[in-house]
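A.B. asks: Let me see the structure of the following:
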Amino acid sequence: MRALSIRAKLTLWYLLVTFAGALLFGFTSYGVLQYALLQEKKTHLLGREQRLMRFLEENKSQHVAATLDGQLSNYALVTHEGNLFQLRRPDGTLIFPIDPKDTAWAFADAAHCRQWIFRRVKLDGAPAMVMCHGIEFDGVPASLYLGGSLDEELDVLRTYRNTLLFLLPGILILSSLCGYFLSRRAMEPVDRMTKAAVEIGVGNLSARLPVPAAKDEVRQLAEAWNQLLDRLESAVSRLSQFSADVSHDLRTSITVMLATAQLALHRHRTEQEYRDDLDRIVTECRTASTLLDALLSLARSDNFMHEVSLQRIELCELVVSGCRRVEDLAESSGILLDWSLPGTSLFIEGDKLLMQRLLGILLDNAIKYTPEHGQIHAEVAAVGQEAVVTVRDTGIGMSREIREHIFDRFYQADLREKKTQAGCGLGLSIARWIADAHRAELTVESTSVEGSVFKIRFPLMAVESPARSLEYTA
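C.D. replies: Numbering: from 1, shown residues only. Model (predicted):
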C-alpha cells in the first residue's frame, strides 16, 4: 500500500468504501425486507382469525344445525390453507381436527395463549409461521392455532438476495472506474503543479505554480509553494547581487595591490613613497581579508553546526581590548573613540573569539558610517541581572525602513554616497547570529543624521562556573 501512487490509493479507498457501503446496504435492506414480509404474514394470520370468528358467529346467528366439527371442516374446505388451523382445549386435547396426525405442526408449549404468539416452524420440511391465540366458543375457552406457509416470502427474499449478489460485481467494477476517474480529476491540479515545478530552475525562478480556482487544500498547497518561490527568488536575487559585488570588490583590491606593486618595482622611489605604497597594499589586504572573513563566518553560520565554547569572560576587558584594536583606524579617519566602564567587573558566559568578532563588527560599522570629526562611545553597564554593552556613534544614522532590515543577510541600505568604504551587507547579520548563539539580545536605535545606538544585553554570571560547550545552528 505504501508503494502505490496517490491516484491508486484513492481508487482503492473509493472501491473499499463503495464495497463496504454496498454490503451495509445489502444486509440492511435484506433485513428490512425480511421483517416487512414476516409482519405481513402475521397480519395475514390475524385476518384469518377474524374471518374464522366471524364465520362461526354468523352460523350461530343463523342457527346452523351442523356440529362445530362440521362447521370447521366446511370452513377448511373453502379457505386457503384451511388445513393449517386447529382448536385445543385448555388441557391440550384437540377440538378440531379429530385426526391427531394433522396436528403435529402446532407447538404445544403455549396451551393457553392469552396473547398472540407467533413462531416459525417446519411443515413437511418447509418453513411456516404458526400463530396461537386464546378464544372462547359458547363460553368455553380454547386455544386457536393458525399456520401459514412462508414459501412465497422466502422466494421473494431469495430473489432479492440473488439480485444483490448479481449486481455486486457490477457495482464494484463501476465504482473502480468511477474511483479512477475521480482520482484522476482530483489529481489533475497536482499534475499541473508537478509539471510546472519540474520546469522551474535557478534560471527562471520568476515562474510560479498554477493555482486552482477551487478554494481547497490543493489551492493552499500551491499558494504556499508560490510564497516559498517568492522568498527563494528574493534570496537568490540578493545572493547573485552580493556575489557580483564581492567579485568586484575583490577584483578591485587585487588590481590595486598588483598595480601598486608593479609600479613600485619598475620605478625608483623614495623611502616614504615605498612606505606609502606598502601602506596602500596593507589597507587593500585588510579589506579583502575582512570580506573573506565575513564570507567564511556566514558560510559557517548557515551551513554547519558551530560549536560555541563557553567560558567565563570579563566583559570590561573584552570591550577595552576591542576598542584598542580599532583605535588607530578611528584616529586615521578623524574620529574620536572613547569608552566608559563600571566600577566593578562584570562577567558573562561566552565564546571569546566570537565575542571579539561581535564587538569588532559593531565598532567597525560605527567607524564606517561616522564622518570625520565624529565620535564613537562604547559603554559597559550592569542593569539588573544583565550586562549591557552600548556602542553609540554620531554617524549618518538610519531611517525606520532601514532599521527593519538592517539585520537581514546581504541587505545594504542605499547610503553609498555617505560611506567611506564599500560594505557587503553581512556584518550585522553575523552579529545577530553571534548574539543569538550567546542567548543575548542585539537591538538598534537610530535616527537619520543623528547617529545610531547598538545595545547587546547579556545575562550576568553571579558565580564561577566551569567552561562548557554547546552546538548552535544559525
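
A.B. asks: C-alpha only now, for contacts and for neighbours.
C.D. replies: Noted.

A.B. asks: Report the secondary structure state of the residue lying closest to L84 once chain neighbours are set aside.
C.D. replies: Nearest-residue entry for L84: G147, 4.9 Å, with adjacent residues in sequence omitted and distances by C-alpha to C-alpha, 6 or more residues apart in numbering. Classification of G147 using DSSP: H, G, I helix; E, B strand; the rest coil returns strand.

A.B. asks: what's the neighbour count on the closest residue to Y160 other than its chain neighbours?
C.D. replies: Nearest non-adjacent residue to Y160, counting by C-alpha to C-alpha, 6+ apart: Y30, 7.6 Å away. Counted by other C-alpha atoms under 10 Å, the residues lying close to Y30 total 17.

A.B. asks: before we move on, what SS does F118 have?
C.D. replies: Here F118 is recorded as strand under three-state DSSP.

A.B. asks: Give the full set of residues in contact with it.
C.D. replies: Going by C-alpha atoms under 8 Å, 6 or more residues apart in numbering, F118 touches 42, 129-132.

A.B. asks: can you rerun that using 7 Å?
C.D. replies: 129-132 (C-alpha atoms under 7 Å, 6 or more residues apart in numbering).

A.B. asks: which residues in the stretch 51-200 of the chain form strands?
C.D. replies: Applying DSSP state E, counting those that start in this stretch to the stretch 51-200 of the chain gives strands spanning 85-88, 94-96, 117-123, 126-137, 140-149.

A.B. asks: D276 is nearest to which of these?
C.D. replies: Smallest distance to D276 across the strands of the stretch 51-200 of the chain (C-alpha to C-alpha): 121.3 Å, for strand 117-123.

A.B. asks: what secondary structure does P210 sit in?
C.D. replies: Quick answer, by three-state DSSP: P210 is coil.

A.B. asks: neighbours of it, just the number please.
C.D. replies: 18.

A.B. asks: Backbone dihedrals for it, please?
C.D. replies: Backbone torsions of P210, given as degrees, to the nearest 10, read phi -70, psi 140.

A.B. asks: if I read this right, it contacts M193, doesn't it?
C.D. replies: Yes: using C-alpha atoms under 7 Å, P210 is in contact with M193, at 6.1 Å.

A.B. asks: ok, the helix or strand where A378 lies: who's next to it in the sheet?
C.D. replies: Using DSSP states H and E, A378 maps to strand 375-383. Strand pairing for strand 375-383, using DSSP bridges, gives strand 336-340 (parallel), strand 386-393 (antiparallel).

A.B. asks: which one of the ones you listed is the most hemmed in?
C.D. replies: Mean neighbours per residue, mean count of other C-alpha atoms under 10 Å, is largest over the strands paired with strand 375-383 for strand 386-393, with a mean of 22.

A.B. asks: Let me know the next secondary structure element after that one.
C.D. replies: Remark: after strand 386-393, the chain's next helix or strand is helix 400-405, criterion DSSP H and E.

A.B. asks: average pLDDT for that following helix?
C.D. replies: Averaging the model's pLDDT scores along helix 400-405 yields 82.

A.B. asks: residues of it that come out buried?
C.D. replies: For helix 400-405, a neighbour-count test (16 or more other C-alpha atoms under 10 Å) marks 402-403 as buried.

A.B. asks: for stretch 311-328, same thing?
C.D. replies: Here stretch 311-328 shows 311-313, 315-316, 319-320, 322-323, 326-327 as buried, counting by 16+ other C-alpha under 10 Å.

A.B. asks: what about the closest residue to P189 other than its chain neighbours, how many neighbours?
C.D. replies: In space, and not counting its chain neighbours, P189 is closest to P212: 6.6 Å by C-alpha to C-alpha, 6+ apart. By the criterion of other C-alpha under 10 Å, P212 has 19 neighbours.
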